[in-house]
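Participant: Task: produce atomic coordinates for the following.
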Amino acid sequence: MTVGYGITFGLSIILLALYRFLVKDKEFWLGLLFVCISVVNLGYFMLSLAKSVEFAIIANDIAYLGSVFLSTCMFLTIVKLCGFTVRKRTIIILLSLGAVMFLIVATSGILPWYYKSVSLERVNGVAKLKKEYGVLHPLYLAYLVVYFLAMICAILHSLIKKKGNAQKVAGFLAFIVFINIAVWFAERFVKPNFEFLSVSYLVSEMLFVFLYWTMQDYIHCTNVPNLSAQEGLSGAITNMSMEEKLNKVLTFIGGGETLAVREREILELILGNVKRKEIANKLSISENTVKTYTRTLYAKLGVNSRNELYELIIKK
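Facilitator: The predicted structure follows:
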């Protein structure tokens, strides 16, 4: 089993490298998610090699450090792909909750809060912590359940409210979350000698890499200007005022969603047929940032390109 943990740790590093090289449009939270998975697998690998209780507790804390923030990163990645905008204040709160959760876990071996007692045992030659749970242990279970429910709600909202490509992405995300939930629940009841979550995390990484790799190809394909079509559609709405265009577009946002300030700024420039590079220069941001905001904006509107956005306005 030590070899198994070593392989999962090595594969998580390889997948992190693949993400860095294959995916052109990097997402911060997805990149951090990959780092967290590597940290989790490092902790499992170190724990399997432990010769003392003290070292095993440190390895266990490392695994929990990755696991606690892995949930946060996966949630933020999924809500962004579903077209939601998360405020900085919310992100700070989520990260603070994760830090508190980790500090509770880190009391292991010092205070009887998370584990009443811990001892080291060997199963088939592999080190394993034998734990007696403390009064605060259910907090971690509740922490994970709340995150799982939040991910499911975001995905269901996208499946119900969005159209076209956004629904396909939501379905793909549902599959990723289902794998992790299924493995997590199975481990609660079966109590295997091997942490199969380390494997489900690798599967999730591979699926995320595949999703972003295919999405970027789709984005680059749809960004190739079809000048005759785009100019024709943009010309058809030239005589409309910006207020009239915005009013028509905003009617397609449902479910109580709103546009962030930056999304609205970019929307106005898109409606003015301003190119992405010019938008980046006007707003003093990078082109990648423009693409990120445009992607969430289109997801909220249920379109995949400028042409589809212009067509909505004409039809409206």
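
Participant: Now stretch 13-23 - C-alpha only, PDB.
Facilitator: As requested, the backbone C-alpha atoms of stretch 13-23 are provided in PDB (Å, rounded to 0.1, in the frame of the first residue of the first chain):
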ATOM      1  CA  ILE A  13       2.500  15.900  -9.300                       C
ATOM      2  CA  ILE A  14       2.400  14.800 -13.000                       C
ATOM      3  CA  LEU A  15      -1.200  16.000 -13.400                       C
ATOM      4  CA  LEU A  16      -0.300  19.300 -11.800                       C
ATOM      5  CA  ALA A  17       2.400  19.700 -14.400                       C
ATOM      6  CA  LEU A  18       0.100  18.700 -17.200                       C
ATOM      7  CA  TYR A  19      -2.400  21.300 -16.100                       C
ATOM      8  CA  ARG A  20       0.300  23.900 -16.200                       C
ATOM      9  CA  PHE A  21       1.500  22.900 -19.700                       C
ATOM     10  CA  LEU A  22      -1.800  21.900 -21.400                       C
ATOM     11  CA  VAL A  23      -4.200  24.500 -20.200                       C
END
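
Participant: what helix or strand is the residue nearest to residue 63 when sequence neighbours are not counted on?
Facilitator: In space, and not counting its chain neighbours, residue 63 is closest to residue 43: 2.7 Å by Cβ to Cβ, 6 or more residues apart in numbering. For the C-beta atoms, the positions are set from N, CA and C on the backbone; glycine is no exception. Using DSSP states H and E, residue 43 maps to helix 28-48.

Participant: Past that helix, which element shows up next along the chain?
Facilitator: Taking DSSP H and E, what comes next after helix 28-48 is helix 53-81.

Participant: buried ones in that next one?
Facilitator: 56-81 (16 or more other Cβ atoms under 10 Å).

Participant: now the angle from that helix to helix 28-48?
Facilitator: 160 degrees (axes from the mean of the first three to the mean of the last three Cα atoms, to 10 degrees).

Participant: Quick one: find the helix or strand in this protein with the lowest mean pLDDT.
Facilitator: helix 227-236 (a mean of 46; mean pLDDT, DSSP states H and E).

Participant: This protein: helices as residue ranges?
Facilitator: 2-22, 28-48, 53-81, 88-105, 137-161, 165-190, 197-223, 227-236, 242-250, 261-271, 276-283, 287-301, 306-315 (DSSP state H).

Participant: could you say what helices and strands the last one packs with?
Facilitator: Here helix 306-315 is seen to pack against helix 227-236, helix 242-250, helix 261-271, helix 287-301 when contacts are counted using 3 or more Cβ pairs under 8 Å, 6 or more residues apart in numbering; DSSP states H and E.

Participant: If we use 7 Å, what do you get?
Facilitator: helix 227-236, helix 242-250 (3 or more Cβ pairs under 7 Å, 6 or more residues apart in numbering; DSSP states H and E).

Participant: Quick one: mean pLDDT for it?
Facilitator: The pLDDT scores in helix 306-315 average 77.

Participant: and that helix with helix 165-190, angle?
Facilitator: Going by the same axes, to 10 degrees, helix 306-315 is angled at 120 degrees with respect to helix 165-190.

Participant: Same check on the third one?
Facilitator: For helix 53-81 and helix 165-190, the angle between their directions (the same axes, to 10 degrees) works out to 150 degrees.
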